[in-house]
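[1] Give me a model of this one.
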Amino acid sequence: MGCEYESDGPEEIVLQLRRRDRRFGRNAYYFVLDALDYTMNNLGRADMAGEERHVGARELLSGITDMAAEQFGPMAMEVFKQWGIRSTEDFGEVVFNLIEAGLLSRREEDSRLDFIGGVDFNRVFEQRFRVRLASIRTSD
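    Okay, here's the model as predicted:
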């Protein structure tokens, strides 16, 4: 797989990605890159190399969920929506756009299909923040 953006930095690559695919906000791309680092650190793979370092779709989706909950709390799903993210499949599209741009790598068996139905973000965030959301609703 070639990379047409090799001489550009990540900011320029994301800008070029967004020119080609306007579905997702630039922060969705940066968030995925940060979530990958977050996930590798949590799995103890940050200092590994090659195949040992690989993070699968389900592991990444779990990291995305945890990091979003930490950063955005009960507003996580609203933030995702602002970025154009509605489902795990959308995160798969972001990941594969980053792969095609040369910012991420993949194994031969990795596929966009790995992201289908991974996490029901609405349900997960509702469960994590049920008490906080209830207090927000009743404070009006």
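[2] what about the protein, any weak spots by pLDDT?
    Residue ranges of the chain with pLDDT under 70: 1-8, 131-140.
[3] Residue 82: how many residues sit nearby?
    If you count neighbours by other CB atoms under 10 Å, residue 82 ends up with 12. From N, CA and C alone the C-beta is placed, and that goes for glycine too.
[4] Run a quick neighbour tally on the closest residue in space to it that isn't next to it in sequence.
    Leaving aside its sequence neighbours, residue 82 sits nearest to residue 25 (CB to CB, 6 or more residues apart in numbering; 6.6 Å). By other CB under 10 Å, the residues close to residue 25 number 18.
[5] Contact partners for residue 25?
    Residues counted as contacts of residue 25 (CB atoms under 8 Å, 6 or more residues apart in numbering) are 18, 82-84.
[6] any idea how far it is from residue 118?
    20 Å (CB to CB, to the nearest Å).
[7] Repeat that for residue 61.
    4 Å.
[8] Same check on residue 32?
    13 Å.
[9] Also residue 28?
    16 Å.
[10] More neighbours: these two, which one.
    residue 28 (22 against 19).
[11] The more buried one - nearest residue in space that isn't next to it in sequence?
    residue 83 (3.9 Å).
[12] Skip the chain neighbours and tell me the closest residue to the spatially most central residue of the chain.
    The centroid of the chain falls nearest to residue 32 when counting by CA atoms, centre = their mean (3.4 Å). Among residues not flanking residue 32 along the chain, residue 94 sits closest, at 5.1 Å (CB to CB, 6+ apart).
[13] re the thing from before, mind listing the shared neighbours of residue 61 and residue 118?
    88, 91.
[14] residue ranges for the helices of the protein, please.
    For the chain, the helices defined by DSSP state H cover 10-20, 26-42, 57-72, 76-82, 88-100, 121-128, 130-138.
[15] most tightly surrounded among those helices?
    helix 88-100 (a mean of 20; mean count of other CB atoms under 10 Å).
[16] Which elements pack onto that one?
    helix 26-42, helix 57-72 (3 or more CB pairs under 8 Å, 6 or more residues apart in numbering; DSSP states H and E).
[17] Of all these, which one comes closest to residue 11?
    When the helices and strands packed on helix 88-100 are compared by CB to CB, helix 26-42 sits nearest residue 11, at 8.7 Å.
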